[in-house]
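Student: fold the stuff below for me.
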Amino acid sequence: MERIKLYLKQTYIFLIIILLLIASNGFFIYQSFFKQEVEKAEISCDCPDIPEEIPVEEPKKKLTVDLKGYVKKPGVYELEEGAIINDLIKKAGGLKTNGTTENINLSKKLKNEDMIVVLSKEELKKEKKERQETAKNTDEKTSLNPSVIPSNKTKVALNSATKEELMTINGIGEAKAISIIEYREKSPFTKIEDILNVSGIGEALFEKIKEFITI
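Tutor: From the prediction side, this is the model:
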């Protein structure tokens, strides 16, 4: 009987040892497996890259420009700073059938509150004829009486001259005289160089007339 008890006790202890070994091995296997799965997950993780900070561009300043004359949609337009006259005319739908930009520098940059006037071919032709006649008459008067050449005392005042007085300036026809009057009604001239903002008056013409104008 004692032998049986001893045998059962030894068997019980042996089973406990076997169970402990199995449990420890199972835990070790589970831990190894879990570690491998974590490593695989880390390797296969397709995490999106954190985007670099994109610099925010400041919005461009806006220009408000008045477009008149022979364009399909005359009116007041808002454009970005740096826009040129050609951009403005495109935004207005282009020229009317009889409109012309022969006398306009399409690449000229626009300024805020500019007023651009697009003439018809007939108006431009008439203006050229008036300019030629004015030049001819001035040349004839000068040849007969040199004293008619404008002096500092007889300069034409851009802010107060009538259309007829403006047209006495060599190179300023009726259309340009009207454009000058319309411009000053909106924004009076503060210096003679402001006349460059008037449609149809460029650097070449300004050089010819700057001695004969004042504000």
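Student: now find how far off-centre stretch 64-78 is within its chain.
Tutor: Offset of stretch 64-78 from its chain centre (C-alpha atoms, centre = their mean, to the nearest Å): 17 Å.
Student: err, stretch 118-132, not the other one
Tutor: Distance of stretch 118-132 from the chain centroid (C-alpha atoms, centre = their mean) equals 32 Å.
Student: contact partners of it?
Tutor: For stretch 118-132, contacts defined as C-beta atoms under 8 Å, 6 or more residues apart in numbering pick out 67-71, 89, 95-96, 98-104, 167, 170-176, 199-200. C-beta coordinates here come from the backbone N, C-alpha and C atoms, glycine included.
Student: from those residues, list the buried ones, please.
Tutor: Buried residues within the contacts of stretch 118-132, counting neighbours by 16 or more other C-beta atoms under 10 Å: 67-71, 89, 95, 99-101, 103-104, 167, 170-176, 199-200.
Student: quick check: strands, which of these are part of them?
Tutor: 67-69 (DSSP state E).
Student: for the residues you listed, give me CSV that also has pLDDT and distance to residue 205.
Tutor: Shown next, in CSV, are these (pLDDT from 0 to 100; distance: C-beta to C-beta, whole Å):
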residue, pLDDT, distance to residue 205
67, 93, 21
68, 91, 20
69, 90, 18
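Student: with distance to residue 189 added, can I get the residues you listed in a markdown table?
Tutor: As requested, these are exported to a markdown table (distance: C-beta to C-beta, whole Å):
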| residue | distance to residue 189 |
| --- | --- |
| 67 | 21 |
| 68 | 19 |
| 69 | 21 |
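Student: out of these, who's nearest residue 81?
Tutor: Proximity of those to residue 81 (C-beta to C-beta) peaks at residue 67, which lies at 17.0 Å.
Student: so of the buried ones among the contacts of stretch 118-132, which ones are in helices?
Tutor: Among the buried ones among the contacts of stretch 118-132, the residues falling in helices (DSSP state H) are 89, 174-176.
Student: the residue nearest the centre of the chain pairs with what?
Tutor: The chain has residue 80 as the residue nearest its centroid, 3.1 Å off, counting by C-alpha atoms, centre = their mean. Here residue 80 sits in beta bridges with residue 62, as judged by DSSP bridges.
Student: contacting residues for residue 109?
Tutor: Counting by C-beta under 8 Å, 6+ apart, residue 109 makes contact with 82-84.
Student: separate out the buried members of those.
Tutor: The neighbour count (16+ other C-beta under 10 Å) marks residue 83 as buried among those.
Student: in JSON lines: the contacts of residue 109, plus pLDDT, secondary structure and distance to residue 122.
Tutor: Below are the contacts of residue 109 laid out as JSON lines (pLDDT from 0 to 100; DSSP: H, G, I helix; E, B strand; the rest coil; distance: C-beta to C-beta, whole Å):
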{"residue": "82", "pLDDT": "91", "secondary structure": "coil", "distance to residue 122": "33"}
{"residue": "83", "pLDDT": "93", "secondary structure": "coil", "distance to residue 122": "29"}
{"residue": "84", "pLDDT": "95", "secondary structure": "strand", "distance to residue 122": "26"}
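Student: distance to residue 75 for the contacts of residue 109 - can I get that in a markdown table?
Tutor: Supplementary listing: the contacts of residue 109 in a markdown table, determined by distance: C-beta to C-beta, whole Å:
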| residue | distance to residue 75 |
| --- | --- |
| 82 | 21 |
| 83 | 15 |
| 84 | 18 |
